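S.K.: Return atomic coordinates for the entry below.
(one chain, ligands or ions: 1)
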Amino acid sequence: MRVTADREVCVGSGQCELLAPDVFEVDDDGAVRVLQEHPDAAAAVRDAVSQCPTGALSLAE
Ligand code: SF4
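M.R.: Okay, the predicted model is just below:
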């Protein structure tokens, strides 16, 4: 599993960081940063991707 983020689309809501704090972080610019491109916490990451309000996160298997 590989996770990517489009920082141009992210609005910095922080939802992904709440769901998977080891994988996502909203940085000082107010946009998401992926901390683990190949995360272990698959279920939490899938939830974060599906619940992102702007569709900024993507998964590839
Ligand atoms: S949930 Fe989506 S919009 Fe919110 S911080 Fe994460 S990537 Fe950005």
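
S.K.: How much space separates residue 21 from residue 11?
M.R.: 18 Å (CB to CB, to the nearest Å). C-beta: built from backbone N, CA, C; applies to glycine.

S.K.: Kindly report the same for residue 54.
M.R.: 6 Å.

S.K.: Same check on residue 25?
M.R.: The separation that residue 25 has from residue 11, given CB to CB, amounts to 15 Å.

S.K.: and residue 24, what are its bridge partners?
M.R.: Per DSSP bridges, the residues bridged to residue 24 are residue 34.

S.K.: The ligand versus that one, what's the distance?
M.R.: Counting by CB to the nearest ligand atom, to the nearest Å, the gap from residue 24 to the ligand is 6 Å.

S.K.: Same check on residue 55?
M.R.: Taken as CB to the nearest ligand atom, the span from residue 55 to the ligand is 8 Å.
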